[in-house]
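kindly generate the corresponding structure for this input.
(2 chains)
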Amino acid sequence: MLLRMSSLFLRTLREDPADAEVPSHKLLVRGGYVRRVAPGIYSWLPLGKIVLENVARVVREEMNRAGGQEVLFPALLPREHYEVTGRWTEYGDTLFRLKDRKGGDYLLGPTHEEMFTLMVKGEYSSYKDYPVILYQIQTKYRDEARPRAGILRGREFVMKDSYSFDLDDEGLKRSYELHREAYIKIFDRLGLDYKMVFATSGAMGGSASEEFLAPTPTGEDTFVQCAGCDYAANTEAVVLAAPEAAAGEAPPAEVLDTPDTPTIETLVELLRSRGMDIDASGTLKNVVLKTRRPGEDWELLVVGVPGDREVDLDRLAGQFEPVEVAQAEPEDLARQPALVKGYIGPQILAGLGVRYLVDPLVRPGSAWVTGANEQDRHAANVVRGRDFEPDGEIGAVEVRSGDRCARCGSELTIARGIEIGHIFQLGRKYADAFGLDALGPDGRPVRITMGSYGVGVSRAVAAVIEQSHDDKGLIWPREIAPADVHVIGTGKDNQIEVALEIAGELEAAGLRVLVDDRAGVSPGVKFTDAELLGIPTALVIGRGLAQGVLELRDRATGAREEIPHAEAVARVLAAVRS
RNA sequence: CGGGGCGUGGCGCAGCUUGGUAGCGCGCUUGCUUUGGGUGCAAGAAGUCGUGGGUUCAAAUCCCGCCGCCCCGACCA
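So this is what the prediction gives:
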């Protein structure tokens, strides 16, 4: 490949576009890689298109190596299949919907579980056919409430999604592992710094799930990582070390008169004034929420957390998906008069038929001061497992920097990252919806179990830039750079001819070459553009040419070295292949 | 959807307070100049001032409505 800048469809900008905020957006636009067409919708110019294809190529190679087979579904899909799984309605406003001339409903695919499931159902029917992994690299659409950050979060984006189909859980696990390994290779090759974080798709779903996050301050996902081991988790899925179990058996629960103590703060203050050794972390706060399945009524839910903690509604929402969670309103509480605001305790919840979940920090056997379900009264020594039994545990507390890792006990820190990949064991949700079975060896149908795996291809381009740029411009990792080497001819003699000559030799040697052969453009402009464009290696044919000297530059390190003209091709090859 | 900001040549902006018919930088065209860090000089091309209405002799500028865009939040398989 040989690109000549004298004819390349490229215009670089000296100023940041007014609508860009994050580095990847600014630099992609300034470097002439992309142009905005509408909010969250971008065109890719020649250099950008090359980079995008490079990322897709890496993804494709690794998916094929993992045994995946590439297919391609339409982006434009009929409503009916998404009706079967309920997603036509469940997906809400984020789904791009449209009508054809006959008034038929269509959508622009946000993800293609339905289509893959149907395709497999249509072709395969025997257990001998399985397992199988299919994938596509396709443009996806989501009508985001607020697209932002340029390429990072658009309404149209390129994504690789793959799906595994297995006969049993063991097979699913293997397919999941294959993807995990493939993703590691992909993101390594893309030159990304990334973390694999646990991202359980919820206490409700419960299947294994991990996200690949590229840590950067501009990321939208919050995760925790451990200072002491390699544990990392999405804040939705984080597991915190539970506190030490109290020694010995707690005395029987007792009810205390605690007038005017509707908040944890006032309660602790009162008890301390009576000489009790207690702080907020020894109290059990019970927060009333409500949940709603799609199309059903709200139900009350009480969540118990240590009194010094806040409930993280976002974290809960992620785990309840697609069930909605919200703070209960006074009128919701009114339906359960036994719940006395400010004095709610878990002791009576089971009797009321109100669902009660606790954060794992509320350990089995732990003793608490909590509400007595009477105005102005609290109860002490209320023990989980003795005086109340929750319906389950759910990570509910707002995670704090300094919380302890459940695995090694070290401190956790909170960081931000861009989600570039996600693998998870879907299970039989879609197979059930469409009745995807294989006929087993015993002549009976076996329900197929699926995995779902995504890589944000266009997003990865932006993520790479977020992690790899400086104040001068882009710094591409070799594997996805638009070219291997940028040959720059400066000067008024025969530098440009020599540049073209060397560029031709480099191309013949198998390199992808960008050559700056623009006449009448000053050296400063060429250097500045080269730094903006970010090709990893540059070869300058300039004033030293008469003495047989060229200059080899490394974009990432800024290193420059004078090399003999005669060795140029060999030296560039060595640099590119290092 | 709530809060904030902004719509003026291709891009980035000034002009609006105090109405008089549009300007700067970048880019683009032509000529000369310069050639290792965004050369210099000169001459040019290019704008329904988001949109509709109103006030006025006169509106980019004042008034009202609408539309759009950006940022923060809500939202985000």
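
could you point out which element follows the lengthiest strand in chain A?
Of all segments of type strand in chain A, defined using DSSP state E, the longest is strand A:412-427. Note on strand A:412-427: by DSSP states H and E, the next helix or strand toward the C-terminus is helix A:429-434.

flag every buried residue along that following helix.
Under the neighbour-count criterion of 16 or more other Cβ atoms under 10 Å, helix A:429-434 has A:430, A:431, A:433, A:434 buried. (Each C-beta comes from the backbone N, C-alpha and C, glycine too.)

return that helix as PDB; C-alpha atoms alone will do.
Taking only C-alpha atoms (Å, rounded to 0.1, in the frame of the first residue of the first chain), the coordinates of helix A:429-434 have been written out as PDB:
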ATOM      1  CA  LYS A 429     -33.200 -17.100  27.300                       C
ATOM      2  CA  TYR A 430     -33.200 -16.900  23.500                       C
ATOM      3  CA  ALA A 431     -33.200 -20.600  22.900                       C
ATOM      4  CA  ASP A 432     -36.300 -20.800  25.100                       C
ATOM      5  CA  ALA A 433     -37.900 -17.900  23.300                       C
ATOM      6  CA  PHE A 434     -37.500 -19.500  19.900                       C
END
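
give me the contact list for it.
A:84-85, A:113-114, A:117-118, A:121, A:436-437, A:447-450 (Cβ atoms under 8 Å, 6 or more residues apart in numbering).

what's whatever helix or strand comes next after it packed up against?
The first helix or strand that comes after helix A:429-434 along the chain, using DSSP H and E, is strand A:437-439. Under the contact definition 3 or more Cβ pairs under 8 Å, 6 or more residues apart in numbering; DSSP states H and E, strand A:437-439 sits against strand A:445-447.

still on that earlier bit, and of the contacts of helix A:429-434, the nearest to residue A:483?
Minimum separation from residue A:483 among the contacts of helix A:429-434 (Cβ to Cβ) is found for residue A:113, which lies at 37.6 Å.

how close does residue A:153 get to RNA strand B?
In this structure, residue A:153 and RNA strand B are separated by 7 Å, where distance is defined by Cβ to the nearest atom of the strand, to the nearest Å.

ok, which residues in the stretch 151-300 of chain A are in contact with RNA strand B?
Of all the residues in the stretch 151-300 of chain A, those in contact range of RNA strand B (Cβ under 7 Å from any atom of the strand) are A:153, A:159, A:161, A:201, A:220.

which SS class is residue A:269?
helix (DSSP: H, G, I helix; E, B strand; the rest coil).

quick one, strands of the stretch 351-500 of chain A?
Along the stretch 351-500 of chain A, the segments classed as strands by DSSP state E, counting those that start in this stretch run A:355-358, A:367-374, A:377-383, A:392-393, A:412-427, A:437-439, A:445-447, A:449-456, A:469-470, A:473-474, A:485-489.

now these as CSV including mean pLDDT?
Shown next, in CSV, are the strands of the stretch 351-500 of chain A (pLDDT from 0 to 100):
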stretch, mean pLDDT
strand A:355-358, 84
strand A:367-374, 80
strand A:377-383, 80
strand A:392-393, 80
strand A:412-427, 87
strand A:437-439, 91
strand A:445-447, 92
strand A:449-456, 92
strand A:469-470, 92
strand A:473-474, 94
strand A:485-489, 95
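
please identify the deepest-packed of those.
Of the strands of the stretch 351-500 of chain A, the one with the most neighbours on average (mean count of other Cβ atoms under 10 Å) is strand A:485-489, at a mean of 29.

touching RNA strand B at all, that strand?
No. For strand A:485-489, no contact with RNA strand B is found by Cβ under 7 Å from any atom of the strand; the gap never falls below 8.3 Å.

what is that strand packed up against?
Taking 3+ Cβ pairs under 8 Å, 6+ apart as the contact cut, strand A:485-489 packs with helix A:495-508, strand A:513-516, helix A:523-533, strand A:537-541, helix A:568-577.

format the ones you listed as a markdown table; extra columns: distance to RNA strand B, mean pLDDT and mean neighbour count.
Supplementary listing: the helices and strands packed on strand A:485-489 in a markdown table, determined by distance: least, Cβ to the nearest atom of the strand, whole Å; pLDDT from 0 to 100; neighbours: other Cβ atoms under 10 Å:
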| stretch | distance to RNA strand B | mean pLDDT | mean neighbour count |
| --- | --- | --- | --- |
| helix A:495-508 | 8 | 94 | 19 |
| strand A:513-516 | 12 | 95 | 27 |
| helix A:523-533 | 3 | 94 | 18 |
| strand A:537-541 | 4 | 95 | 25 |
| helix A:568-577 | 12 | 93 | 17 |
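
between those, which one is closest to residue A:47.
Between residue A:47 and the helices and strands packed on strand A:485-489, the tightest spacing by Cβ to Cβ is seen for helix A:523-533, at 7.0 Å.

and the angle from that closest one to strand A:485-489?
170 degrees (axes from the mean of the first three to the mean of the last three Cα atoms, to 10 degrees).

report the buried residues of stretch A:384-391.
Judged by neighbour count using 16+ other Cβ under 10 Å, the buried positions of stretch A:384-391 are A:384, A:387, A:388, A:390.

appreciated, that's everything.
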